[in-house]
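1. any chance you can model this:
(one chain, ligands or ions: 1)
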Amino acid sequence: MSVNLFDLSGKIALVTGSTHGLGMAMAKGLGMAGATIIVNGNSSQEKIDKAVAEHKANGINAVGYKFNVANEEAVIEAIAKIEKEVGPIDILINNAGIIKRTPLLEMEVSDFTEVINLDLVSPFIVSKHVVKHMVKRQHGKIINICSMMSELGRSKVGAYAAAKGGLKMLTKNMATEWARYNIQVNGIGPGYFATTQTAPIRTDGHPFNDFIINRTPAAKWGDPDDLAGAAIFLSSKASDFVNGHVVYVDGGILATIGKPSNEN
Ligand code: GCO
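-> Model prediction:
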């Protein structure tokens, strides 16, 4: 009898910040593996509706919920509505986040705090209110979207690096405390991907674009669809004994010190 360890049929997955970019791509991957997708955003209902329609056009069951992951009251209300209107959340991907590219010397405390709140505190808020249902059901999957900046510093993204470094350790602590309830908490660390977030530093001829092509052994920017496999793995039965890991999907960046730009 063949068993598909990666089958997500019958599962419900909430992906925060999933109206576009990496969140949308990971949600699509989970949907293609059989999951029902809860699309979340906080900017516009139109973007949420468009993402839901795209999933449905791909044969994926999807429902949209607009709420601010940084607002605990809004999260409590939304999670209660989803659990009542759609069903038990089996999989949570904490993907929503922002970046502010400013040298630390010039960064306002308010800007630093905004990044920490959305990229580190919000995954805690959403997880806190989703996991209590998972504990009762004695099963669940939580995936925190980390970054190269969970491992490496980069100038001008200090607040983001602090948040993503903290998110890596929060992932390990969630795993430490919640594995006993058959809840697997892991992370995905994307390398440099072609998204709207990276668009400003990815244009042809931009020095950072050339730097990343040279710094990435795969010599290219990632395609958001490249994240689907890791998301499906960490959401499925195939990872039932995997806890506290960050799976880096980075084309090899973290494997190497890099090479001189004039070396092939
Ligand atoms: C940047 C990029 C990165 C990537 C990603 C790398 O300015 O360096 O936006 O932050 O988005 O996080 O893992």
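
2. if we ignore the residues flanking it in sequence, what's nearest residue 253?
-> Nearest residue to residue 253, sequence neighbours excluded (CB to CB, 6 or more residues apart in numbering): residue 191, at 5.0 Å. Every residue, glycine included, has its C-beta placed from N, CA and C.

3. can you name the residues of this protein sitting close to the ligand?
-> 99, 101, 147-149, 154, 157, 160, 190-192, 197-198, 201 (CB under 6 Å from any ligand atom).

4. hey, where'd the helices end up in the stretch 51-200 of the chain?
-> With DSSP state H, counting those that start in this stretch as the criterion, the stretch 51-200 of the chain has helices at 72-85, 109-116, 122-137, 158-178.

5. to residue 36, which of these lies closest?
-> With CB to CB as the measure, helix 72-85 is the member of these nearest residue 36 (10.5 Å).

6. I'd like the mean pLDDT over the closest one, please.
-> If you average the pLDDT over helix 72-85, you get 98.

7. so what does that helix touch, helix or strand wise?
-> Counting contacts by 3 or more CB pairs under 8 Å, 6 or more residues apart in numbering; DSSP states H and E, helix 72-85 packs against strand 62-66, helix 122-137.

8. and the angle from the shortest one to helix 72-85?
-> Following axes from the mean of the first three to the mean of the last three CA atoms, to 10 degrees, one obtains 160 degrees for the angle between strand 62-66 and helix 72-85.

9. dump the helices of the stretch 51-200 of the chain into TSV; add mean neighbour count and distance to residue 93 as well.
-> Shown next, in TSV, are those (neighbours: other CB atoms under 10 Å; distance: least, CB to CB, whole Å):
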stretch	mean neighbour count	distance to residue 93
helix 72-85	15	14
helix 109-116	14	19
helix 122-137	19	10
helix 158-178	20	12
